[in-house]
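A.B. asks: Fold the stuff below for me.
(one chain, ligands or ions: 1)
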Amino acid sequence: MFHIRKAVVTGGSSGIGKALVDTLLREGCEVFSLSRTIRSRDFFVQMGELHQIACDITDGRAVENAFSQIAEQTDFFDVLFSNAGYGISGSVVDTPKEQIARQFDVNVFAAVEVIQQSIPFLARGKGRIVLTSSVAAVVSLPYQSFYSATKASLNMLALALNTELKPYGIRAVAIMPGDAATSFTENREKIACEAPLLTDRCQRSVARMEHDERTGASPALIAERFVRIAKKNAPKPLYGIGLFYRLVLLLFKILPIRFANWVVGRMYG
Ligand SMILES: NC(=O)c1ccc[n+]([C@@H]2O[C@H](COP(=O)([O-])OP(=O)(O)OC[C@H]3O[C@@H](n4cnc5c(N)ncnc54)[C@H](OP(=O)(O)O)[C@@H]3O)[C@@H](O)[C@H]2O)c1
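C.D. replies: Reported below is the predicted structural model:
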């Protein structure tokens, strides 16, 4: 089993990231948590050693600064949990380029920058990069297509990183959770759907998605699975978690794509 002594978590201030921080602290790890919000120490489990670093990961200077602060404390960490992210909703027709760019900036480009900064630290312990992807990476969600596209990008990134980082002994894993009950739902940026034929459909679709998220899995359960996967000796590049979502991912692999996409359209279209 791979041993996690020190880890970096992006988006550790809330939801799945906060649960990851807690799970790691409970196991006695030293954790560096990067997010824009700094919480009181009481917000987290009172074990392990926690360093919260204020950092907007889309700000290159702030990321460099954060890694300088990490370097003052350690010359290695075992796992980067690249988890920070958010979602936008709206139709492809209506979404302005600015919002699309911001979605990719936070979920993909900033994640890449954090990964780049992490390589020297991870290389020292032949560590792991764990990316928080989503079932939406495989199941393209109508009215959330740009969110889906960012998560599909993370899956591609994990696959390529495994090849490119082999000389460093670093493994990359993208984990695809399904719905989780976190602040993700209230933090979603909703782009007004003004195309006359789409307004009602978009609203219905997003309302259904929000209901599924609010009744989704607990972040603690998801974090526990993430850490279990990160500790595997030979992790796969891609994982679904939870029986239902693993089945969905399997069906998307084996069913004719026209049929699978039709089912998604019936549910969320
Ligand atoms: N909830 C779900 O149903 C679900 C399902 C599958 C995948 N996911 C993915 O899980 C990850 C975590 O989301 P969550 O559900 O835990 O939502 P959440 O509770 O809203 O947490 C999002 C985290 O990302 C951080 N973050 C966002 N933008 C950031 C930025 N520019 N710089 C630094 N940190 C930033 C936030 O911290 P600050 O606001 O303090 O910066 C927060 O800690 C996301 O990547 C999301 O796409 C969620």
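
A.B. asks: what's in contact with the helix ranked longest in the chain?
C.D. replies: Scanning the chain for the helix with the most residues, using DSSP state H, yields helix 145-164. Applying C-beta atoms under 8 Å, 6 or more residues apart in numbering, the contact partners of helix 145-164 are 85, 87-89, 92, 95, 99-100, 103-104, 107-108, 111-112, 115, 129, 131-134, 136-141, 170-174, 176, 237-238. Backbone N, C-alpha and C define where each C-beta goes, glycine included.

A.B. asks: In the stretch 51-200 of the chain, what residue lies closest to the ligand?
C.D. replies: Gly85 (2.4 Å; C-beta to the nearest ligand atom).

A.B. asks: Let's verify that residue: helix, strand, or coil?
C.D. replies: Of the three states, Gly85 takes coil according to DSSP: H, G, I helix; E, B strand; the rest coil.

A.B. asks: mind listing what it touches?
C.D. replies: Gly11, Val106, Asn107, Ala111, Thr132, Thr150.

A.B. asks: ok, now Thr132?
C.D. replies: Per C-beta under 8 Å, 6+ apart, neighbours of Thr132: Gly11, Ile16, Gly17, Phe81, Ser82, Asn83, Gly85, Leu154, Ile175, Pro177, Phe226.

A.B. asks: Bridged to it, which residues?
C.D. replies: Ile175 (DSSP bridges).

A.B. asks: got the residues of this structure near the ligand?
C.D. replies: With C-beta under 6 Å from any ligand atom as the criterion, the chain meets the ligand at residues 10-11, 13-17, 35-37, 55-58, 83-87, 106, 132, 134, 177, 179-180, 182-184, 187, 213, 216, 219.

A.B. asks: And the residues you listed, which of them are buried?
C.D. replies: 10-11, 13-17, 35, 55-58, 83-87, 106, 132, 134, 177, 179-180, 182, 184, 213, 216, 219 (16 or more other C-beta atoms under 10 Å).

A.B. asks: Which ones among these lie within strands?
C.D. replies: The strands, defined by DSSP state E, take in Thr10, Ser35, Thr132 from these.

A.B. asks: Please name the nearest non-neighbouring residue to Thr15.
C.D. replies: For the record, residue 15 is Gly, not Thr. Thr182 (3.1 Å; C-beta to C-beta, 6 or more residues apart in numbering).
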